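Visitor: please find the sequence and the predicted model below.
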Amino acid sequence: MDKVAKPWSVPVTVEHIPDAGLHMDIEAPEAARAQIAGLAGLRDLPRLAAAFDLARVGAELHLTGHVKAKVGQICVVSLEPIESEVTETVDLRFFPTAEITEAEPQKLRQRPKGDDEPPEPLIGGTIDLGALAVEFLVLGIDPYPRKPGVEFAPPKAEDGGEHPFAALETLKKQLGGGQS
């Protein structure tokens, strides 16, 4: 993938994850945050960090953790700059694509009760924690941010002025359709 589509990459090879698991704290550098802000339509991205726990369970990889960021946006009501916190919880399972045979997809569909999602494909034995953090950040951004306490109030129409459909109302009366 090119640098524009993947501004922050923190690859981890699954075979390098110890049997006891691996904890990783990562933080996006300033240049990556600037690129991510542009891609996500943010005014600013002062902070983007994630903490992940990776554990191998047989052939699967289980990843849990959270993504935290401070995002700068523009209030959709007042058009003033605002900053807000984004916190997203991550809980994913990955399964190596090379080990999925024709019989395996049926087995993967038979998940334990309460397990809503099938495992994600693990391609090439590597997982990119930076790309995952960016993905969860984008999912957590409020698409319609509002400054606290600000509400939209439609403009009040004056009773003495002409209404937008006054000409149609006059035409309707002239054609004889003005009776209710």
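Guide: On my side now, so go ahead.
Visitor: which element, helix or strand, includes the spatially most central residue of the chain?
Guide: Centroid-nearest residue in the chain, with C-alpha atoms, centre = their mean: Leu139, separated by 1.0 Å. Element membership for Leu139, per DSSP states H and E: helix 129-140.
Visitor: hey, where'd the helices end up in the protein?
Guide: Here the chain has its helices, by DSSP state H, at 30-40, 104-109, 129-140, 166-174.
Visitor: hmm, who's touching stretch 129-149?
Guide: 6-12, 24, 26, 28, 32, 36, 40, 42, 48-50, 52, 63, 67, 69, 71, 73-78, 80, 82, 84, 86-88, 90, 92 (C-beta atoms under 8 Å, 6 or more residues apart in numbering). Bear in mind the C-beta positions are built from the backbone N, C-alpha and C, glycine included.
Visitor: end to end on that stretch, go ahead and measure it.
Guide: End-to-end distance of stretch 129-149 (C-alpha to C-alpha, to the nearest Å): 36 Å.
Visitor: neighbours around His16, how many?
Guide: His16 has 10 neighbouring residues, counting by other C-beta atoms under 10 Å.
Visitor: next: Lys147.
Guide: Around Lys147 there are 17 other residues, counting by other C-beta under 10 Å.
Visitor: if we can go back for a sec, are any of the contacts of stretch 129-149 buried, and which?
Guide: Buried by 16 or more other C-beta atoms under 10 Å: 7-8, 10, 12, 26, 28, 32, 36, 42, 48, 50, 52, 63, 67, 69, 71, 73, 82, 84, 86, 88, 90, 92, out of those.
Visitor: quick one: low-confidence parts of the chain?
Guide: 1-5, 98-116, 157-161, 177-180 (pLDDT under 70).
Visitor: try it again with 50
Guide: 1-4, 102-103, 111 (pLDDT under 50).
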